[in-house]
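S.K.: Sequence below, structure please.
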Amino acid sequence: MANSSPLTNWLTNYIEDADSDLGSLQVSLEGKPVRIILKSILEVRDKDNYTAVRLAVLRDHPEVLGLLLGGMRGEADKLLFEMVEGVTALYRAAQQGYTACINILIASVSPQRRLQLVLERDGGGWTAVTWAAVYGKTESVKALLHPFLPEQRHDILKTQSNILRTAIHNAACCGHTETLESLVDCLPANKLVTLLSMKDAIKHTPLELAESMKHHSAAELLRRKERAATQETILESYKQIDALKEENHQQAKALEEAHHKIIEVHEQSRQWAEVLMNRQDNMQKMLDQLQIYLRRAEPTDVDGDQEIEDYL
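M.R.: Residues are numbered from 1 along each chain as shown. I've put the predicted structure just below:
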């Protein structure tokens, strides 16, 4: 049996009453340990297994949702990832186009898990972005993708359902042209070209799906966006090639200069070697001449011996 409390029952009634005064909830929390009371509210469920957070989302009461989650950031992750009736609270907000609730739900998850929340898939492999795409909720798509970097948006939009369809596939299949444009415009050209070439389980690209369902405006949008993205990707490739050529040219120029420097140093070394060899030759010649001079300067006893022989 699901738990309930007077506080939760009161809050449920408050949420269901669109004319309630938010100040009454704020006053009820004054002077009390807010974090403790909020945590108790978050954990209690009604007879349908709904928490106060889910009820606030279903009734589109972002002011209540913000009050409930505002002091619980990082501590409500388990609740926000919880599947009830096969979906998270974020799915419901995306499906209904409750953008203010979407912003609060994403901001209330610990930063390192925000992308994971948006990437969470239901039993059919749909993400919150897929739900928004199917129901044509353009503002939901923008709210779900805006907090993330282009690379992370690519990770979200390349996620495929159980029949291998992306959010772009589903928006194209349903003919939601405005939503489709929001999806394709949030990606850089090279990433978009890749996504538009992805095929579902029946081997259809998003463009082929739009054409088969006779959604002419969606098909025309995809053709136009694909042409522009392809051209931009090609131009960017040429720029990268030119940049590589310039880089290679600079490297070749540096190598040539280094080569000339090596030749110059080698030539200087050769000249110094010649100088040293010439000096060595000169020194050898000087030594030879010195030896000759010394031999000539040595005293000989030949004349003295002859004189002795003559005397005898």
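S.K.: So what's the residue count around the nearest residue to residue 139 once chain neighbours are set aside?
M.R.: Once flanking residues are discounted, residue 139 sits nearest to residue 99: 4.7 Å by CB to CB, 6 or more residues apart in numbering. C-beta here means a position set from N, CA and C on the backbone, and glycine is covered the same way. By the measure other CB atoms under 10 Å, the count of residues near residue 99 is 22.
S.K.: cool, residue 92 as well?
M.R.: Residue 92, neighbours per other CB under 10 Å, totals 21.
S.K.: Chain neighbours aside, what residue packs nearest to it?
M.R.: Nearest one to residue 92, counting by CB to CB, 6+ apart, is residue 57 at 5.5 Å.
S.K.: isn't the residue nearest to residue 139 right up against residue 141?
M.R.: No. In terms of CB atoms under 8 Å, residue 99 does not count as a neighbour of residue 141; the distance is 9.6 Å.
S.K.: if we can go back for a sec, residues contacting the residue nearest to residue 92?
M.R.: Taking CB atoms under 8 Å, 6 or more residues apart in numbering as the criterion, residue 57 is in contact with 65, 89, 92, 93, 98, 101, 105.
S.K.: need the next SSE after the helix or strand where it lies, C-terminal direction.
M.R.: Assessed by DSSP states H and E, residue 57 sits inside helix 52-58. Once the chain leaves helix 52-58, the next helix or strand it forms, by DSSP H and E, is helix 62-69.
S.K.: and that following helix, what other elements does it pack with?
M.R.: Using 3 or more CB pairs under 8 Å, 6 or more residues apart in numbering; DSSP states H and E as the contact test, the elements touching helix 62-69 are helix 6-16, helix 22-29, helix 34-43, helix 52-58, helix 99-108.
S.K.: In terms of mean pLDDT, which of these ranks lowest?
M.R.: When mean pLDDT is averaged over each of the helices and strands packed on helix 62-69, helix 22-29 scores lowest at a mean of 47.
S.K.: other SSEs contacting the top helix by length along the chain?
M.R.: Criterion DSSP state H: the longest helix present in the chain is helix 216-297. Using 3+ CB pairs under 8 Å, 6+ apart as the contact criterion, the secondary-structure elements in contact with helix 216-297 are helix 167-174, helix 177-185, helix 189-196, helix 206-212.
S.K.: wait, which of the ones you listed is closest to residue 244?
M.R.: Distances from residue 244 to each of those were compared by CB to CB, and the smallest falls on helix 189-196, at 16.5 Å.
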